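> Next one to model:
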Amino acid sequence: MNATRDNPGVIAPPPLIALAVLVVGLLLDWLLPAYVLSVLLAFGTRVLLGLELIGGGAALIIIAMRAFRAAGTNVEPWKPSTALVAGGVFAYVRNPIYVGMILILAGLAFLLASDWTLVLTIVAFVPAIHFGVVLREERYLAAKFGEPYVRYLRTVPRYGLPL
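Okay, here's the model as predicted:
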């Protein structure tokens with residue numbers, strides 16, 4: 001890591017990565033439609049599931065953003081972190097904003113019957129966020145906050161699941 005740079009050096013803004021996945025997914029649905037979601041799930045089921053996932057994802061993101069702002073640190077991962085936030089939702093999941101983005105993308109995929117968006121969320125968004133954002137943030141935060149952050153890493157699951 002560059003000693004003069006006070007940010008994790010993420011590959012791209014995560015909302016931009018999510019938007020790219022959605023746009024490419026919808027484009028692929030138009031070019032190579034699969035119709036799996038629309039055949040497997042009734043319209044009402046897709047809408048309900050989609051709205052629930054979007055709502056849950058948005059709630060996670062809003063709660064996490066409020067915690068960052070209350071601590072006086074930047075939400076954006078391309079800006080410096082000024083405080084370690086380990087309470088509230090962060091006591092259960094280290095990356096609630098990224099989990100929220102995954103839920104929103106999956107919800108949009110179900111809502112729009114976008115097979116490719118669902119596939120790309122799993123095979124493109126999740127790895128891009130994990131390797132291009134989360135692992136870089138973890139290195140940066142460990143270097144910046146030291147032992148308190150390392151202790152946090154050992155006690156709170158990265159994505160809310162004990163994996």
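> which SS class is the residue sitting nearest the centre point of the chain?
Nearest to the mean C-alpha position of the chain, by C-alpha atoms, centre = their mean, lies Y98 at 1.5 Å. Secondary structure assignment for Y98 (DSSP: H, G, I helix; E, B strand; the rest coil): helix.
> Check the gap between it and L41 for me.
25 Å (C-beta to C-beta, to the nearest Å). Backbone N, C-alpha and C define where each C-beta goes, glycine included.
> so where's the protein uncertain?
1-4, 163 (pLDDT under 70).
> how about the helices in it?
14-31, 36-40, 43-71, 96-111, 115-120, 126-129, 135-145, 147-155 (DSSP state H).
> so which of these comes closest to S81?
Closest to S81 of those, according to C-beta to C-beta: helix 135-145, at 6.3 Å.
> picking up where we left off before, distance to S81 for the helices of the chain - can I get that in a markdown table?
As requested, the helices of the chain are exported to a markdown table (distance: least, C-beta to C-beta, whole Å):
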| stretch | distance to S81 |
| --- | --- |
| helix 14-31 | 15 |
| helix 36-40 | 38 |
| helix 43-71 | 9 |
| helix 96-111 | 13 |
| helix 115-120 | 29 |
| helix 126-129 | 17 |
| helix 135-145 | 6 |
| helix 147-155 | 10 |
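> Can you say which of those is nearest to A83?
Between these, helix 43-71 lies closest to A83; by C-beta to C-beta that is 4.2 Å.
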